[in-house]
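Asks: what shape does this take:
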Amino acid sequence: MPPPLNILYRLHHCIANIASKIHLAKNNFMHLMLLLYHLINPYMIKRFVLPFLIILCLFSCNSSKKASSSKSGQNAEMLSNNFSKLIAISTDETYGFTQENPIKVGGVKDSEGPLNERRFLNALLGPEGQSITYHRQGSCCHFKSPNGLMGSGLLDRYEVNYNGLAKPVIIFINMYDFGELKAPKGFTFRQ
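Replies: Take a look at the predicted model:
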């Protein structure tokens, strides 16, 4: 006797959810559904189908965790836990100095946004290799970002100084989005 339709519907929904998580091809999914439909009876459910679904669920949970951690693999390279790896000195005079062209350190989705800001700033040096000092002046400058809360974010403003600089400069940092990390014009970086 075939099982009631509501059980088949639930089973179909569960398998569809699992199949999407483990990325089964559509044809494989249909073959799996046909096989399950023909094999389902009380004996087969207890003996084979339920253990199979439990194992499938366990593996699908593992694959979704791996996918989410690999997605956050956009993180910038690090010289150490305290320093970001910068790739060059920017030739763009507005890079980092204007709210329209902030430094994109990312990391907010992994709860590392403020840490990535400090890592970036710790990697900066003055033009002759001088150590810099920085002070966060607060947030400003609302902008749209798919990585921000409700599709928007705020830039952070830092006052940056080093020995020999006539007047401290303001650097704008975006912790929501990732970008190539470069030293703003007039700075160098740790290598």
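Asks: quick one: the helices in the protein?
Replies: 5-22, 26-39, 42-44, 50-71, 113-123 (DSSP state H).
Asks: pull the helix or strand with minimum mean pLDDT from the chain.
Replies: Across the helices and strands of the chain, mean confidence by mean pLDDT, DSSP states H and E is lowest for helix 50-71: a mean of 49.
Asks: can you pull the contacts of the closest residue to Ala88 other than its chain neighbours?
Replies: Leaving aside its chain neighbours, Ala88 sits nearest to Lys182 (5.0 Å; criterion: C-beta to C-beta, 6 or more residues apart in numbering). The C-beta positions use only the backbone N, C-alpha and C, and glycine is treated the same way. Residues in contact with Lys182 (C-beta atoms under 8 Å, 6 or more residues apart in numbering) are Leu86, Ile87, Ala88, Ile89, Ser90, Tyr95, Ile103.
Asks: which of these count as buried?
Replies: Leu86, Ser90, Tyr95, Ile103 (16 or more other C-beta atoms under 10 Å).
Asks: domain parsing for the protein?
Replies: 5-72, 77-189 (automatic domain parsing).
Asks: other SSEs contacting the lengthiest strand in the chain?
Replies: Determined from DSSP state E, the single longest strand within the chain is strand 132-149. Contact here means 3 or more C-beta pairs under 8 Å, 6 or more residues apart in numbering; DSSP states H and E; on that basis strand 132-149 packs against helix 113-123, strand 152-162, strand 169-174.
Asks: ok, 10 Å please
Replies: Strand 132-149 sits against helix 113-123, strand 124-125, strand 152-162, strand 169-174, with contacts defined as 3 or more C-beta pairs under 10 Å, 6 or more residues apart in numbering; DSSP states H and E.
Asks: end to end, how far does stretch 109-127 reach?
Replies: With C-alpha to C-alpha, to the nearest Å applied, stretch 109-127 spans 33 Å between its terminal residues.
Asks: count of neighbours near the closest residue to Arg190 other than its chain neighbours?
Replies: Spatial nearest neighbour of Arg190, chain neighbours left out: Ala123 (4.9 Å); criterion: C-beta to C-beta, 6+ apart. Ala123: 24 surrounding residues under other C-beta atoms under 10 Å.
Asks: wait, isn't Ile170 in contact with Phe97?
Replies: Yes. Under the criterion of C-beta atoms under 10 Å, Ile170 is in contact with Phe97, at a separation of 7.1 Å.
Asks: who has more neighbours out of these two?
Replies: Phe97 (19 against 14).
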